[in-house]
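*Asks:* Curious how this folds, go ahead:
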Amino acid sequence: MKRILKKTWAVLRYNLGSLLLFETGYRIASFFLVMQLTHRAVNFSLKKQEFSYLTAENFVRFLSSPLSILLLLFLLLLILLLFLIEVSSLLSGFLCSYQKQKIYASDMLLLGIKRTFAFLRHSRISWIFGAALSAPFFNAYFVAREISYIRVLEFTAIQIYKAVKPSFLLYLAVGILLLISFLCVFTLPYAVLEKEKNRRAMQRGLELLQTQWKKTLSGFLVLHVLMAVFIAAVYLAAMAVMTVWVFLGVTGGEKVTRVLIYSGDVNMALGVFAGAVQLTVSLAFVYVLYTRFHVQSKEEVALYRLMEHYAWFSKVGRRKAAAILTAVFVLCEGGYLGLLAAGHDVSLDTLTADMGITAHRGGARMAPENTISALAYAIDAGADWAEIDVQETKDGKLILLHDDSLKRTAGVNKKVWEMTLAQIEKLDAGSSFHQKFRGEKIPTLEEVLKFCKGRLDLNIEIKYNGKNRGIVHKVVRAIRENGFEDYCVVTSMNYGFLEQIKETAPEIRTGYIMTMTYGSTANITAADFFSVKHTYVTESFVKEAHGMGKEIHAWTVNYRGDVRRMIDMGVDNIITDDPVMVRKVQGRESGSQTGYRELLGYALGI
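*Replies:* Alright, predicted model coming up:
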């Protein structure tokens, strides 16, 4: 195994500069290409299906439409094709390194494209399966870190995780997929370099693995440990350098803001970097195993042979021509990234003092959620609002409850619509939080309105469970009977509920709870503001909403760095489990007072 690892390093080192240049440029270009195309494809499909916005309610319908499926297939094919070109280019580079032949980044790309199209010609449709099966193992680091930057993929993954019960089945499926993918990576040298059919390449790859499976497994284990340590070290170094640059180079009150924004950029870049390291090193290891039994002849880049007939090429020479092509590529890509960075707003033009603070689920950090004790904590903590969840009992009464079931908070495995108010009033909603709250009751909406009037404004979320179609009118009646119209807002993930409120009680402010920010908000007329998961809040979305005179409420923000980011983006209200922490961050003096260690803590998310 030690000998194989040494040869792997030798293959990487011989053309290390070209490998680094190729991987950096190719990864960045392909990543931003896929991100931009995904964003445009989602917006195009939304427009054609006449959805004003992508939400949890219409997500399944959106994703299952023929147009969305076609666009998704196109994106998947593009990703597989880009992956195959990258693999073919790297294998071409490894081949030259193994034969002690220098190669330039442009050579690698041209040879990779040539081999890819040769692979497509002899494999026809089966190339899709070969690329798709080997891709998960080689891109595990990249997908794990970058999926959050493609919001539709992140939301889809979350929905799948929620849908698959028990959760270990999902982990088992992912494990099986990675195992199959690991077995398939050994087919790539045969398919790309020897132009074997996929079935034959698979057979020969498995034979290669079988001949030295112990060394292969132990080698991969050592490689991945080394890669993990290296990537972690690069991450810490990058964050430390970025923080030093901000600490020394930024004056005024923008230090924390800059660190938070730039740390997001560093994390995105690290995902691209980690994926490049994993693919390059792992594929080099596979190639070294392959070369123990196979010898490849040298190959010239066909395009250069054609270009030799041109006078300018003969004068410049291949070396300078390769350098020029590489420089043009780097300049174009650098210019594009520069435009993206220039368009990133890092100004502090927000009035943070006007931002409201809402205690999540009544104040769930220090007391049982959705209880009178939680609301009392929210008042003591200085929250401006408390967010509560309203459900309907079997006999049509309104109570505070987040889940459809009473099991988590009250220990009874029954749905709320299966129990009457009299039965629910006998339950203990406090012991599951702490013994000192033993005997805490689940309050009615009526009790909460009376308790909070004159002391705390309320964000009343109406939960939709398919059993409570008449709940809106009951909530409106309770608000009016208690004179709470000016001291509350009503929110819901069900847009139809908001439309009902605007029809029956237009004086009550409404908020649409959203999990994604795709599409145009112009047609969401029944909402006076948008309540959005904080990870999906962007500068452009806040500006768009403010341009229409509507507010942005961000949920659920429990980390000080996220609070700082939301404040600097200009959100109007932060929904949190820790209102005291948010108030401290909001009330801080200028960011120039922040020390280096604290800035580094923001950057590292600790």
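*Asks:* Now do Gly175: how many residues are near it, please.
*Replies:* 11 (other CB atoms under 10 Å). For glycine as for every other residue, the C-beta is placed from the backbone atoms N, C-alpha and C.
*Asks:* what helices or strands is the helix or strand hosting it leaning on?
*Replies:* Per DSSP states H and E: Gly175 is located in helix 168-184. In terms of contacts (3 or more CB pairs under 8 Å, 6 or more residues apart in numbering; DSSP states H and E), helix 168-184 is packed against helix 127-138, helix 198-211.
*Asks:* Output those as TSV; include the columns mean neighbour count.
*Replies:* Output for the helices and strands packed on helix 168-184, formatted as TSV (neighbours: other CB atoms under 10 Å):
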stretch	mean neighbour count
helix 127-138	20
helix 198-211	17
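*Asks:* Specify the stretch among those that is closest to Val229.
*Replies:* Across the helices and strands packed on helix 168-184, Val229 has its closest neighbour in helix 127-138 (19.3 Å, CB to CB).
*Asks:* Please tabulate the helices and strands packed on helix 168-184 in TSV, including the columns mean pLDDT and distance to Tyr377.
*Replies:* TSV is the format used below for the helices and strands packed on helix 168-184 (pLDDT from 0 to 100; distance: least, CB to CB, whole Å):
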stretch	mean pLDDT	distance to Tyr377
helix 127-138	83	46
helix 198-211	81	59
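*Asks:* Let me know the average pLDDT across the strand ranked longest in the chain.
*Replies:* Looking across the chain with DSSP state E, the single longest strand is strand 385-392. Average pLDDT, strand 385-392: 96.
*Asks:* and if you look at stretch 426-443?
*Replies:* Mean predicted confidence for stretch 426-443 is 93.
*Asks:* returning to what we had before: give me the buried positions along the helix holding Gly175.
*Replies:* Ser181, Phe182, Leu183, Cys184 (16 or more other CB atoms under 10 Å).
*Asks:* Check stretch 46-56 too.
*Replies:* Neighbour-count burial for stretch 46-56 [16+ other CB under 10 Å]: Leu46, Phe51, Ser52, Tyr53, Leu54, Thr55.
*Asks:* Could you do stretch 395-403 as well?
*Replies:* Lys397, Leu398, Ile399, Leu400, Leu401, His402, Asp403.
*Asks:* Neighbours of Val34, how many?
*Replies:* There are 16 residues near Val34, going by other CB under 10 Å.
*Asks:* That one against Leu81, yeah?
*Replies:* No. Using CB atoms under 8 Å, Val34 makes no contact with Leu81, being 11.1 Å away.
*Asks:* Which ones among the buried residues of stretch 46-56 lie within helices?
*Replies:* Residues of those located in helices (DSSP state H): Leu46.
*Asks:* So which of the buried residues of stretch 46-56 is the closest to Met419?
*Replies:* For the buried residues of stretch 46-56, the nearest to Met419 is Thr55 (29.8 Å; CB to CB).
*Asks:* Who does the residue nearest to the closest one when sequence neighbours are not counted form a beta bridge with?
*Replies:* Leaving aside its chain neighbours, Thr55 sits nearest to Met514 (5.7 Å; criterion: CB to CB, 6 or more residues apart in numbering). Counting by DSSP bridges, Met514 is bridged to Val532.
*Asks:* And the strands in this protein, which stretches?
*Replies:* For the chain, the strands defined by DSSP E occupy 356-359, 385-392, 398-400, 405-406, 412-415, 457-462, 488-492, 509-514, 529-533, 551-555, 573-576.
*Asks:* what's next to the last one, contact-wise?
*Replies:* Under the contact criterion CB atoms under 8 Å, 6 or more residues apart in numbering, strand 573-576 has outside partners 355-360, 384-385, 387, 459, 529, 531, 551-558, 563, 566-567, 582.
*Asks:* repeat that with 7 Å
*Replies:* 355-358, 360, 387, 551, 553-558, 563, 566, 582 (CB atoms under 7 Å, 6 or more residues apart in numbering).
*Asks:* do the fifth one as well
*Replies:* Contacts with strand 412-415, where a contact means CB under 7 Å, 6+ apart, come from Asp404, Ser405, Leu406, Lys407, Leu427.
*Asks:* and the gap between Lys467 and Arg564?
*Replies:* Relative to Arg564, Lys467 is positioned 41 Å away (CB to CB, to the nearest Å).
*Asks:* So if I had to pick from those two, which one is more boxed in?
*Replies:* For Lys467 versus Arg564, neighbours defined as other CB under 10 Å are more numerous around Arg564 (23 against 14).
*Asks:* Just the helices from the stretch 351-500 of the chain, written as ranges.
*Replies:* For the stretch 351-500 of the chain, applying DSSP state H, counting those that start in this stretch gives helices covering 372-380, 407-410, 421-424, 445-452, 471-481, 495-504.
*Asks:* And those helices: which comes nearest Arg292?
*Replies:* It's helix 407-410; of the helices of the stretch 351-500 of the chain, that one is closest to Arg292 (CB to CB) at 56.6 Å.
*Asks:* Against which helices or strands is that closest one packed?
*Replies:* Contacting helix 407-410 under the criterion 3 or more CB pairs under 7 Å, 6 or more residues apart in numbering; DSSP states H and E is no other helix or strand.
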